[in-house]
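Asks: this one's sequence-less:
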């Protein structure tokens, strides 16, 4: 049985939460994570 990467799942979650942010904040995972951390 093939098991997909956990990292991809985490990235999808981060991108879903960062929806509505501008530019790299919603496209790039690292920028999105930082934006979410600062958003409170």
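Replies: Yes, it's here. No experiment lies behind these values; they were computed from the predicted model shown.

Asks: which ones are touching the residue nearest to the spatial centre of the chain?
Replies: The centroid of the chain falls nearest to residue 14 when counting by Cα atoms, centre = their mean (2.6 Å). Contacts for residue 14 were tallied using Cβ atoms under 8 Å, 6 or more residues apart in numbering; they are 29, 32, 33, 36. (Glycine included, C-beta is placed from N, CA and C.)

Asks: top of those by neighbour count?
Replies: Most neighbours among the contacts of residue 14, by other Cβ atoms under 10 Å: residue 32, with 21 neighbours.

Asks: where's that one, which helix or strand?
Replies: Residue 32 is part of helix 29-39, with elements assigned from DSSP states H and E.

Asks: same question for that helix, mean pLDDT?
Replies: For helix 29-39, mean pLDDT is 95.

Asks: how far off centre is it?
Replies: 8 Å (Cα atoms, centre = their mean, to the nearest Å).

Asks: do stretch 16-36 as well
Replies: On Cα atoms, centre = their mean, the centre of stretch 16-36 falls 6 Å from that of its chain.

Asks: re the thing from before, name the residues that touch the helix holding residue 32?
Replies: Under the contact criterion Cβ under 8 Å, 6+ apart, helix 29-39 has outside partners 11, 14, 15, 17, 18, 21, 24, 25, 26.

Asks: let's go with 10 Å and repeat that
Replies: Residues outside helix 29-39 that contact it (Cβ atoms under 10 Å, 6 or more residues apart in numbering) are 7, 10-12, 14-19, 21-26, 28.

Asks: ok, of those, which come out buried?
Replies: Neighbour counting with 16 or more other Cβ atoms under 10 Å marks 14, 15, 18, 21, 25, 26, 28 as buried within these.
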